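K.L.:
Curious how this folds, go ahead:
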Amino acid sequence: MTVLVFLDPSAPDGRIADASKPTLMATDQGATRGDGVFESLLVVGGTPRKPQAHLDRLDSSARAMDLQIPSQDAWRRAMTTAVTEFRRNRASARAGGAVGAGGTGEDSRMSATENIPDEMVLKLIVTRGVEGSTIPTAWVQASEPPATGRAQRESGIDVLLLERGYDSSIAERAPWLLLGAKTLSYAVNMAALRYARVHGADDVIFTSGDGRVLEGPTSSVLLAHAEGGGPDRVKRLITPQLDSGILPGTSQGALFTAAKAAGWELGYGPVEPGDLFDADGVWLISSIRLLAPVNHIDGREIGSPGVRAGLTAELNQLIHDAE
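P.N.:
Predicted coordinates for the structure are as follows:
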C-alpha cells in the first residue's frame, strides 16, 4: 500500500496519484541518471519525526547539486496530504481485513489492529526532471515501514567493515563527489548491503582509505564508553567527524542533543576501526530503523551483551523523547 503525492503548482496541497499506474516519465533524469535528492523520515501516530531537520538537509543536498526544488511550505503541505491519505487507506484496509477474517463487530476490528504500530515512512523525492526540461519532478511517497527495521533494532545486527575507496579529506578536495549530500545515486550503497548479506552480515560500516570510520550505507555510526557506576558513572557517546565526507545524520543530531541534556559526554571523531572494537557499545542509527545495536563486527563481538543492552535501553529512551 503506497500513496504518491506530487508537488504541483495547480494543486497547493499536492496532487494524489494512482500508485498502481505509471506516473514518471521514462526520460526523467532521476530514473536515467540518479540525478536528484531525497529524504526519508518516520511518521509515528500521524506526526512526522524531525521534519524541519529533514527539510533543511533536503535543501542542503539540493544546493550541493545546483538543483532548484519546491519550498519547504510546499513540501509540508504535500506531506500532510500523504499522511492523511495513507492513514485513511490503511484504516479502511485493516477494518476490511478484520471483517474478512471472520468478525463483523468492534471486537474483531480491535483484535486485528491493536498490535500494529501506527508508523509509516515518508520519502521526499525530487529529480532534475525530464531530459531537456528545467522543471524538477517532486513527490512525497508514503508506505509501510520495512519489517526488518523493527527486528534489527530489537535483536541487533552483525556488520562488516568495507572500504569506501576515498581518503577522509576527499570531500573538501572534490566537492563534485557530493559525499555530504543525500542523492538518488544509491547503487554503491545497495551493492555494499548485498555484499554484506552474501557474506553472512546484516549491514556495513564504511571506512576511508586512510583508516577512518565513516558511516553505514543508510545510517550514522555511534559508539559509547561507560565508566564507573551509580551517580558517578561517566557515559560518553561518539560519532565520526562530519568533515570526513559523511552525511550529517538527523537522528544522530537529535540523539546527541537529548544525550547532552541527560548528562552524557559527547565526542566527534576521528574514529578508527580499533575504537569500535574497544567500545562498550556500537550502533547504527537512522530515521526509519532508529537505533540498531551492533552485536558483531567482522565476526568479533562488541562489548558485553549486558552492558550493550543497558546502554541501548538508555539511548532508546532518549530517542523516544528526542525531536
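K.L.:
Give the burial count for the closest residue to Ser286 other than its chain neighbours, as a bare number.
P.N.:
Leaving aside its sequence neighbours, Ser286 sits nearest to Ser219 (Cβ to Cβ, 6 or more residues apart in numbering; 4.1 Å). Placement of C-beta: from N, CA and C, glycine included. When neighbours are counted by other Cβ atoms under 10 Å, Ser219 registers 26.
K.L.:
How about Gly306?
P.N.:
Residues lying near Gly306 (other Cβ under 10 Å) number 8.
K.L.:
Looking at it now. What's its pLDDT?
P.N.:
Listed pLDDT for Gly306 reads 90.
K.L.:
If you count contacts, what does whatever helix or strand it lives in end up packed against?
P.N.:
Assigned by DSSP states H and E, Gly306 belongs to helix 305-321. With contacts defined as 3 or more Cβ pairs under 8 Å, 6 or more residues apart in numbering; DSSP states H and E, helix 305-321 has these neighbours: strand 220-227, strand 234-239, helix 250-261, strand 281-286, strand 290-297.
K.L.:
nearest to His54, of the ones you listed?
P.N.:
For His54, the closest of those is helix 250-261, at 5.8 Å, according to Cβ to Cβ.
K.L.:
tell me the angle of the closest one relative to strand 281-286?
P.N.:
Going by axes from the mean of the first three to the mean of the last three Cα atoms, to 10 degrees, helix 250-261 is angled at 130 degrees with respect to strand 281-286.
K.L.:
Look up how far Pro70 lies from Val198.
P.N.:
39 Å (Cβ to Cβ, to the nearest Å).
K.L.:
Can you tell me the closest non-neighbouring residue to Ala309?
P.N.:
Leaving out its chain neighbours, the residue that sits closest to Ala309 by Cβ to Cβ, 6+ apart is Pro293, at 7.7 Å.
K.L.:
can you count the residues close to the one you found?
P.N.:
For Pro293, the count of nearby residues is 25 (other Cβ under 10 Å).
K.L.:
Now do the same contact list for it.
P.N.:
Arg153, Gly156, Ile157, Gly281, Val282, Trp283, Arg308, Ala309, Thr312 (Cβ atoms under 8 Å, 6 or more residues apart in numbering).
K.L.:
Likewise for Ala31?
P.N.:
In this structure, Ala31 makes contact with Leu24, Met25, Thr127, judged by Cβ under 8 Å, 6+ apart.
K.L.:
residue contacts, the last one?
P.N.:
With contact taken as Cβ under 8 Å, 6+ apart, Thr127 is in contact with Asp28, Gln29, Gly30, Ala31, Asp35, Gly36, Pro136, Thr137, Ala138, Leu184.
K.L.:
How about the secondary structure of the residue nearest to it when sequence neighbours are not counted?
P.N.:
Leaving aside its sequence neighbours, Thr127 sits nearest to Gly30 (Cβ to Cβ, 6+ apart; 2.8 Å). Using DSSP: H, G, I helix; E, B strand; the rest coil, the structure places Gly30 in helix.
K.L.:
my read: Gly30 touches Leu184, true?
P.N.:
Yes: at 5.6 Å, Gly30 counts as touching Leu184 under the criterion of Cβ atoms under 8 Å.
K.L.:
hey, what's in contact with both of these two?
P.N.:
Common contacts of Gly30 and Leu184, defined by Cβ under 8 Å, 6+ apart, comprise Gly36, Ile125, Thr127.
K.L.:
and the second one, what pLDDT?
P.N.:
In other words, Ile125. 98.
K.L.:
again with Thr104
P.N.:
40.
K.L.:
now the one 4 residues further on
P.N.:
pLDDT, the model's per-residue confidence, is 35 for Ser108.
K.L.:
go on, Ser92?
P.N.:
Taking Ser92 on its own, its pLDDT is 89.
K.L.:
Could you do Ala322 as well?
P.N.:
Reported pLDDT for Ala322: 73.
K.L.:
Please look at it and Ala258 and confirm they touch.
P.N.:
Yes: using Cβ under 8 Å, Ala322 is in contact with Ala258, at 4.0 Å.
K.L.:
quick one on the thing from earlier: go through the contacts of Ala31 and flag which are in strands.
P.N.:
Residues of the contacts of Ala31 located in strands (DSSP state E): Thr127.
K.L.:
Can I get the contacts of Ala31 in a markdown table including distance to Pro175?
P.N.:
Compiled in a markdown table, the contacts of Ala31 are given as follows (distance: Cβ to Cβ, whole Å):
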| residue | distance to Pro175 |
| --- | --- |
| Leu24 | 29 |
| Met25 | 30 |
| Thr127 | 21 |
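K.L.:
sorry, back to before: partner residues bridging the residue nearest to Ala309?
P.N.:
Pro293 has the following beta-bridge partners by DSSP bridges: Trp283.
K.L.:
Ala201 - how many residues pack around it?
P.N.:
If you count neighbours by other Cβ under 10 Å, Ala201 ends up with 20.
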